[in-house]
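*Asks:* Sharing a model prediction with you, sequence too.
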Amino acid sequence: MVERYVMSIDQGTTSTRCIVFDHAGRLVSVAQREHRQLFPRPGWVEHDAVEIWRNLQRIAPQALAQAGVGPEQIAAVGIANQRETTVMWDRHTGVPVAPAIVWQDTRTDTLVDELARRPDAHVVKQRCGLPLATYFSAPTICWMLTHIPGLRERAERGDVLFGTMESWLIWNLTGGPDGGVHVTDVTNASRTLLMNIHTLEWDDTLLEFFGVPRAMLPRIRPSVQTYGVARRVVPGVRIAAALGDQQAALFGQTCFSRGEAKCTYGTGGFLLLNTGTEPIGSTHGLLTTVGYKVDDEPAVYALEGSIAITGALVQWFRDRLGLINSAPEIETLARTVEDNGGCYIVPAFSGLFAPHWRSDARGVIVGLTSYITKGHLARAVLEATGWQTREVVDAMNADSGLTLKTLKVDGGMTADNLLMQFIADVLNVPVVRPMVAETVSLGAAYAAGLAVGYWPDLEGLRRNWHRAGQWLPDMDAGRREQEYDNWKRAVERTLDWIRPAKD
């Protein structure tokens, strides 16, 4: 009998990966390619969507070749993607109308302020579960329709299509201009400010509020369902799942029960808590989002705390300051000192995300004295991720009425043992890392395999999960609260830095 596999496409903020998994959820092969980060103006962050599509065309065959398999041995493909990043392209040519605008981009901050002052602004969070913020797709769509000549007319005619990255890739994989399928899944749709969180459909009131033509929008589908068959790259293979990357990680960590939570530490940090089949509105700065939807079953919701800068702070420390040569060196440097020396770094490079949502904030380093060395700075860089996680967990416990018992972690930063111990210390709960650290990719693979019967059910997926590492809290409670108070005072120093320009 010919061995069958599942392929995952993880289209992330800095790179695209293809990973082949076997029936035990083990990684068989991986191919990865980075794409350029474009910064045309302060606060603007862009990607070339065509470059990302071409990268996928290169790496998918590489992953298959490394695994020694052909497309006919792939049972299904699942896609996980950077969320909120906005792509618009011509339906007839497949050419993007402009660079993709990335979720980190803040060019819409003035527009968001204007929208927030409208008397009907309250309908946004009421209907979609999200606050008005530059982070989400709708203000970006609105900005592009206003600033690109003739685009609104083309969009209203249906000649221009909008999508987040999974829509762009699925459309291209299934034929592009020649019959490509234009869909999104509920998790990605729930990040646009345009989908009603209760009905899981595009909301007419929200479309009118943002001035977005319905003709340009993809059809909303479950996360776990066959969308179509690939005609390019992996011809004949079913495209059977799509999830926003953080929801894919929730799925890959098998957080299928209410109260289970995971945090992915990559460019940013994203903590999701499964809240069951009813959405919980947040009053503490969190996002109400769709966790996943399996075919015709009820959607599972989550509360999310999004931290803009975690791993990106280590990259900045390496690339902009030149204090280390590689990311793993930061742990070695941080271990040269016993503590942070009274120094705190708040990385509000693009404002603060959850639970603050302050686009006017900018990063600060506080507590500097002549005693501080680069070792103290390295420790402060790592501790910033721990304290930001603590802020989100406190908000999550308050909103949900649940108390976090364990935090499952994944992503590149989990290789840093000092950081993982610090997170366990400041949360005062065990932190657990799974055997397969690539849980975003694994979640997309699990969802696709589930859709086509490669795996029978959610319990079968749970049995594949194995613990690789665990960190138990070991910090004095008095010290924990004193340092947390210092962190909160440091956060206050970041606020009101960016002020509106005077006319």
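*Replies:* Thanks, I have it.
*Asks:* where does Ile220 land in three-state SS?
*Replies:* strand (DSSP: H, G, I helix; E, B strand; the rest coil).
*Asks:* er, Ile345 actually
*Replies:* Three-state call for Ile345 (three-state DSSP): strand.
*Asks:* same check, this time on Gly322
*Replies:* Of the three states, Gly322 takes coil under three-state DSSP.
*Asks:* worst-scoring helix or strand of the chain, pLDDT-wise?
*Replies:* helix 458-462 (a mean of 89; mean pLDDT, DSSP states H and E).
*Asks:* Identify each buried residue in that one, please.
*Replies:* Under the neighbour-count criterion of 16 or more other C-beta atoms under 10 Å, helix 458-462 has Leu461 buried. Using the backbone N, CA and C atoms, a C-beta is placed for each residue, glycine as well.
*Asks:* Which strand or helix spans the nearest residue to Gln247 once chain neighbours are set aside?
*Replies:* Nearest non-adjacent residue to Gln247, counting by C-beta to C-beta, 6 or more residues apart in numbering: Thr187, 4.2 Å away. Taking DSSP states H and E as the definition, Thr187 sits inside helix 186-189.
*Asks:* Name the residues of the helix or strand following that helix that are buried.
*Replies:* Once helix 186-189 ends, the next helix or strand along the chain (criterion: DSSP H and E) is helix 204-210. Buried positions in helix 204-210, judged by neighbour count with 16+ other C-beta under 10 Å: Leu206, Phe209, Phe210.
*Asks:* same check, this time on stretch 61-68
*Replies:* For stretch 61-68, by 16+ other C-beta under 10 Å, it's Pro61, Ala63, Leu64, Ala67.
*Asks:* mind listing what the last one touches?
*Replies:* Applying C-beta atoms under 8 Å, 6 or more residues apart in numbering, one finds that Ala67 lies in contact with Tyr5, Val20, Val28, Ser29.
*Asks:* Can you turn the buried part of those residues into a ChimeraX selection?
*Replies:* To isolate the buried subset of these in ChimeraX, counting by 16+ other C-beta under 10 Å, use the following:
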select :5,20,28,29
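*Asks:* got any ranges where the protein has weak pLDDT?
*Replies:* 1-2, 500-503 (pLDDT under 70).
*Asks:* repeat that with 80
*Replies:* 1-2, 350, 437, 498-503 (pLDDT under 80).
*Asks:* Where is the longest helix in it?
*Replies:* helix 374-400 (DSSP state H).
*Asks:* That one packs against which elements?
*Replies:* Using 3 or more C-beta pairs under 8 Å, 6 or more residues apart in numbering; DSSP states H and E, the elements in contact with helix 374-400 are strand 261-265, strand 269-276, strand 300-307, helix 311-319, helix 329-334, strand 344-346, helix 417-427, helix 477-492.
*Asks:* cutoff 7 Å now
*Replies:* Applying 3 or more C-beta pairs under 7 Å, 6 or more residues apart in numbering; DSSP states H and E, we find helix 374-400 packed against strand 269-276, strand 300-307, helix 311-319, helix 329-334, strand 344-346, helix 417-427, helix 477-492.
*Asks:* now, which of the buried residues of stretch 61-68 lie within helices?
*Replies:* Pro61, Ala63, Leu64, Ala67.
*Asks:* Distance to Gly163 added to the residues you listed, as TSV?
*Replies:* Output for those, formatted as TSV (distance: C-beta to C-beta, whole Å):
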residue	distance to Gly163
Pro61	24
Ala63	23
Leu64	25
Ala67	29
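*Asks:* buried set for the helix holding Thr187?
*Replies:* Neighbour-count burial for helix 186-189 [16+ other C-beta under 10 Å]: Val186, Thr187, Asn188, Ala189.
*Asks:* Same question for stretch 309-320.
*Replies:* Ile309, Thr310, Gly311, Ala312, Leu313, Val314, Trp316, Phe317, Arg318.
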